[in-house]
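Undergrad: let's see this in three dimensions:
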Amino acid sequence: MVELIVSFTIMALLTTMAVPLAAYKVKRDKERELRYALREIRKAIDAYKDASDLKKIDVKLGTEGYPESLEILVEGGQTIKFLRRIPMDPMTGTYDWGKRSMQDDPKSQSWGGQNVFDVYTKSTERARDGTPYAEWN
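TA: Prediction:
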């Protein structure tokens, strides 16, 4: 009976140590996915801007050469596609990204709608280092 109690206590102790470690790993993996998705979308936005500056695609007046929406990056210009698909936001589990136009304040949480200059996650959570995910570059 004593051996059973001791082994149960050891198992309970190991379990309580493993749960926080697993939660830490899940959060770390989501942060890695967020960095990758942000990098991928921002790279596509920059490629779109470069193509518009080189007159490879038509530019709508008032957009300053940036895409009007993220969907345009997937659909492509006349012959150029910039994204295969819009990545999912790993923090919210949706494909709905926060957007900023060139005319918006860099820390703005609302989109003016003129163009897509930058993206951010709509998650209100904070990273392991204490910074809000919405402010990640």
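Undergrad: now do the strands in the protein.
TA: 98-100, 118-120 (DSSP state E).
Undergrad: and the last one, how far out from the chain middle?
TA: The chain centre lies 8 Å from the centre of strand 118-120; the measure is Cα atoms, centre = their mean, to the nearest Å.
Undergrad: other residues contacting it?
TA: Residues outside strand 118-120 that contact it (Cβ atoms under 8 Å, 6 or more residues apart in numbering) are 38, 41-42, 45, 70, 97-100, 106, 133-136. Every residue, glycine included, has its C-beta placed from N, CA and C.
Undergrad: now with 6 Å?
TA: Ile41, Trp97, Gly98, Lys99, Arg100, Ala134 (Cβ atoms under 6 Å, 6 or more residues apart in numbering).
Undergrad: same question, the first one
TA: Residues from elsewhere that reach strand 98-100 (Cβ under 6 Å, 6+ apart): Ser108, Trp111, Val116, Phe117, Asp118, Val119, Tyr120, Lys122.
Undergrad: try it again at 7 Å.
TA: Ser108, Gln109, Trp111, Val116, Phe117, Asp118, Val119, Tyr120, Thr121, Lys122, Ala134 (Cβ atoms under 7 Å, 6 or more residues apart in numbering).
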